[in-house]
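S.K.: Sequence first, then the predicted structure:
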Amino acid sequence: MGRNFERLTKDGRTFVLVPEDVYEDLQKDAEMLTDIQAFDAATSRNEEAFPAELGVKLTDAQRAGKSLVPVWREYREMTQTTLADASGVNRVYLREIESGKNPGSVEALKRIAEALRIGLDDLV
């Protein structure tokens, strides 16, 4: 910056007067720093990042009252058969869960979530 800013003392406190454009630049820099810190915190947790499109599909399914299992299964590029095999859940039972005919037991949903590499709370 290299500028000399005017200083003002009032009630024993010193204030620095800066031009408005400098103040606005400082505000932008502070906002950028906050964004960078949030990004760094998120990426340092080594958690899987998901595309926004997946979030949209999950939200749409949830709003429509549909099962989230097929959305996750398709995202993981699995067929019903491969998910059934990976989770140990019967394929017919899995189809009923996906179609909404059967909500699925907690145990079955846990096994499905594990096979999809997500938490149980991501399915309900």
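M.R.: The structure has been received and is ready for your questions.

S.K.: domain ranges for this protein?
M.R.: The record's domain parsing of the chain by automatic domain parsing lists 6-44, 52-122.

S.K.: Go through the ones you listed and find the least confident stretch.
M.R.: Among these, domain 6-44 carries the lowest mean pLDDT, at a mean of 91.

S.K.: quick one: that domain to chain centroid distance?
M.R.: Taking CA atoms, centre = their mean, to the nearest Å, one finds the center of domain 6-44 at 28 Å from the center of the full chain.

S.K.: now do stretch 104-123
M.R.: Distance, centroid of stretch 104-123 to centroid of chain: 18 Å (CA atoms, centre = their mean).

S.K.: What residues sit buried inside that stretch?
M.R.: 104, 108-109, 111-113, 115-116, 118, 123 (16 or more other CB atoms under 10 Å). Where C-beta positions appear, they are placed from N, C-alpha and C, glycine not excepted.

S.K.: Repeat that for stretch 60-78.
M.R.: Neighbour-count burial for stretch 60-78 [16+ other CB under 10 Å]: 61, 67-73, 75, 78.

S.K.: for that stretch, the distance to its chain's centre please.
M.R.: 16 Å.

S.K.: Now Leu17. Its backbone dihedrals?
M.R.: When read as degrees, to the nearest 10, the backbone of Leu17 gives phi -90, psi 130.

S.K.: Cross-check the contact I'm expecting between it and Asn4.
M.R.: No: the criterion here is CB atoms under 8 Å, and Leu17 misses it with Asn4 at 10.9 Å.

S.K.: Pick out whichever of the two has more residues nearby.
M.R.: Leu17 (9 against 6; other CB atoms under 10 Å).

S.K.: which one is the more buried one nearest to, not counting chain neighbours?
M.R.: Glu6 (4.3 Å; CB to CB, 6 or more residues apart in numbering).

S.K.: With Leu120 instead?
M.R.: Ala113 is the one closest to Leu120 (CB to CB, 6+ apart), at 4.7 Å.

S.K.: isn't that neighbour right next to Asp122, touching?
M.R.: Yes: applying CB under 8 Å, one finds Ala113 in contact with Asp122, separated by 6.6 Å.

S.K.: before we move on, which element is Gln62 in?
M.R.: helix 52-63 (DSSP states H and E).
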